[in-house]
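Asks: how would this look folded up:
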Amino acid sequence: MRFIRKGLAVAALAAGAGMLAASPALAAPNWNPISPDSYWKCGTTTTHPAGGVLFQTCIVSRPGGNTQAVLVVKNNSGHSIQIEGSVAATALWPSNTITDHSADCVQSTLSTGYSSGCFTATANLSGSQVRAASALIVNGQLATTTQTPYVYPS
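Replies: Next up, the predicted model:
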């Protein structure tokens, strides 16, 4: 996953939403239930080439600059799937310093009809420009998302 994460950090600085519905999550430690609200800014929903799986990258930025990126997955395939991936938020600071905030999303099973999110750690990114991108592997097949719009944490 490290090669994917490094590529996402670079991709998050290049070019640039519908929310997926919240559902119960996986048992894996970094896959969690999602509860999108007005603090979530998401990129375009992507259909995974494996079929019946929707995914997108979101940035959650709450007051005080507390920000994290999320890889959101919704399984509409009609059967359980194996998922893993990575998500990276890249912050560009006024000093032109770039920081990468990323997470590897461990392999786990996602049942049909369910959604889950893989979250990066929360970081105070107040005063930066943040973009995020992610990669998702479904049953061994890789796909990437488009980037999120810029978010300006405050």
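Asks: return the alpha-carbon coordinates of stretch 120-129 using PDB.
Replies: Extracted C-alpha coordinates of stretch 120-129, given in PDB (Å, rounded to 0.1, in the frame of the first residue of the first chain):
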ATOM      1  CA  THR A 120      -6.900   9.200   8.300                       C
ATOM      2  CA  ALA A 121      -5.900  10.400  11.700                       C
ATOM      3  CA  THR A 122      -7.300  13.900  12.600                       C
ATOM      4  CA  ALA A 123      -4.800  16.700  12.100                       C
ATOM      5  CA  ASN A 124      -5.000  20.500  12.700                       C
ATOM      6  CA  LEU A 125      -4.700  21.800   9.100                       C
ATOM      7  CA  SER A 126      -6.100  25.300   9.800                       C
ATOM      8  CA  GLY A 127      -4.700  27.800   7.400                       C
ATOM      9  CA  SER A 128      -3.800  25.300   4.700                       C
ATOM     10  CA  GLN A 129      -5.400  24.200   1.400                       C
END
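Asks: any residues touching that stretch, and which ones?
Replies: 61, 64-70, 87-89, 91-94, 99, 101-103, 150-154 (Cβ atoms under 8 Å, 6 or more residues apart in numbering). Using the backbone N, CA and C atoms, a C-beta is placed for each residue, glycine as well.
Asks: most centrally placed residue in this structure?
Replies: L71 (2.3 Å; Cα atoms, centre = their mean).
Asks: host element of that one?
Replies: L71 belongs to strand 66-75 when assigned by DSSP states H and E.
Asks: could you check the angle the next helix or strand after that strand makes with strand 66-75?
Replies: Where DSSP H and E defines the elements, the next helix or strand beyond strand 66-75 is strand 81-92. Orientation of strand 81-92 against strand 66-75 (axes from the mean of the first three to the mean of the last three Cα atoms, to 10 degrees) gives an angle of 150 degrees.
Asks: name the residues of the helix or strand just after strand 81-92 that are buried.
Replies: Next along the chain after strand 81-92, taking DSSP H and E as the criterion, comes strand 98-110. For strand 98-110, the neighbour count (16 or more other Cβ atoms under 10 Å) marks 100-105, 108, 110 as buried.
Asks: ok, V60 - contacts?
Replies: V60 neighbours (Cβ under 8 Å, 6+ apart): 39-40, 67-70, 119.
Asks: okay then, goodbye and thanks.
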